[in-house]
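# Okay, predicted coordinates and the sequence, questions at the end:
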Amino acid sequence: MRLFFCILVFLACMFVNAHAASRQQFTVPTPGGRILVEHFGNCAKATCPAVLILSGSKGFGATAYDEIGQTFRAAGLNAYLVHVLSAADIDAIATASGARGRIAFYAQRLPEWTSAVRGVAAYLEGQPLHGGKVGVLGISLGAQIASTATVGRADIDAVVLVDGGFPNGYSQPVRSLPPLLLIWGSADRTFPLSIGRELQRAAQRLGGSVALDVYDGGAHDFFLKSASPIAEAAHRNAADFLAAHLSR
C-alpha cells in the first residue's frame, strides 16, 4: 500500500513539473501593478499575433489551458495566460457567501481587472513579433472581464467569449465591439444559452461581426474538460476565428 502511495506521489510530481515546464513566466507593468503572464513559446511564423487568455474564477489550474495554448500556437498565434485574478481574488471568490457574495465581489474588483487586461494588451501590442495584432479569449468570469475590457477598444482586434458576457448590471454605453465569437454549451445552467443569444443580437444591432457557436450537451465548464471531443472542437474553432481576424 505504501509503495502504491509513493508511486502516486511520484506521478503527481512528474505531472506538475511537466505542466510548469510547458509555460514560461514574466510580468507586465500596468497602472495597477505588475501582472503575471504565462506563455507557451512563440509560434513558428515570423509574425505571431498575441491572444490574451482570461480564466474563470478558479484560475489557470485546469490542464485544458495547456491544450488551448498549444492549439493556438499551432494555429500561428502566441497565447498568453494573463493572471488578472490574484491568489487572494481566487480565495475570496471560493469562500464568498453564495452567488450574491460572488457578484458583489466581482463588481468591486472589475475596474482593476479591466485595467490590468488593457495594460497587458497595450504591452503586447507594442512587441514587434505580434505585428500590432491582439485578441482576447475569456472564459466564464474571464468572459465578463474580456467583454468590459474590450468595448470600443481600437487596440483589440478580435474577441472570443466562452459561456459568459457582460456582468450583471453593466450599464456603460456599448457603441462598438471587436469581431466577436461566442462559444456556448447548450446545457449551461450558470449562464443559459439565452444569454448568449441576446448578446449575439446586441452585437448585431451595433453592426459588428458576431457568430454564436453552440455545443450540444456542453455544460458551463465544457470548454475546460481535458481531452473532451467537444472541448477540442471548440478550442480549434476559437483558434481558427482568432487566426483569421488577427492575420488581416
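Good, I have the coordinates. Quantities reported herein were computed from a predicted structural model and do not represent experimental measurements.

# pLDDT at Asp240, what is it?
On the pLDDT scale, Asp240 is placed at 98.

# Export the stretch of helix or strand it belongs to to CSV, keeping only CA atoms.
Using DSSP states H and E, Asp240 maps to helix 229-246. Extracted in CSV, the C-alpha atoms of helix 229-246 (Å, rounded to 0.1, in the frame of the first residue of the first chain):
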residue,chain,number,x,y,z
PRO,A,229,-14.0,15.9,-28.2
ILE,A,230,-16.4,18.9,-28.0
ALA,A,231,-13.9,20.9,-26.0
GLU,A,232,-11.2,20.2,-28.5
ALA,A,233,-13.5,21.2,-31.4
ALA,A,234,-14.3,24.5,-29.5
HIS,A,235,-10.6,25.1,-29.0
ARG,A,236,-9.9,24.7,-32.7
ASN,A,237,-12.8,26.9,-33.7
ALA,A,238,-11.6,29.6,-31.4
ALA,A,239,-8.1,29.4,-32.7
ASP,A,240,-9.3,29.5,-36.3
PHE,A,241,-11.5,32.5,-35.7
LEU,A,242,-8.7,34.5,-34.0
ALA,A,243,-6.1,33.5,-36.6
ALA,A,244,-8.4,34.6,-39.4
HIS,A,245,-9.2,38.0,-37.8
LEU,A,246,-5.7,38.7,-36.4
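
# Give me the residues contacting that helix.
49, 51, 64, 67-68, 71-72, 74-77, 133-135, 137, 157-158, 160, 162, 179, 181, 183, 211, 213, 215-218, 222-225 (Cβ atoms under 8 Å, 6 or more residues apart in numbering). (Each C-beta comes from the backbone N, C-alpha and C, glycine too.)

# residue boundaries of the strands in the chain?
For the chain, applying DSSP state E gives strands covering 24-30, 33-39, 50-54, 78-82, 134-139, 158-162, 180-185, 210-215.

# Quick one: residues contacting Pro31.
Pro31 makes contacts with Ser115, Gly119, as judged by Cβ under 8 Å, 6+ apart.

# for Val214, same thing?
By Cβ under 8 Å, 6+ apart, the residues touching Val214 are Trp184, Gly185, Ser186, Leu193, Gly196.

# Reformat the residues you listed as JSON lines; add distance to Gly126 and neighbour count.
Conversion of the contacts of Val214 to JSON lines gives the following (distance: Cβ to Cβ, whole Å; neighbours: other Cβ atoms under 10 Å):
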{"residue": "Trp184", "distance to Gly126": "33", "neighbour count": "29"}
{"residue": "Gly185", "distance to Gly126": "36", "neighbour count": "26"}
{"residue": "Ser186", "distance to Gly126": "40", "neighbour count": "14"}
{"residue": "Leu193", "distance to Gly126": "38", "neighbour count": "18"}
{"residue": "Gly196", "distance to Gly126": "33", "neighbour count": "24"}
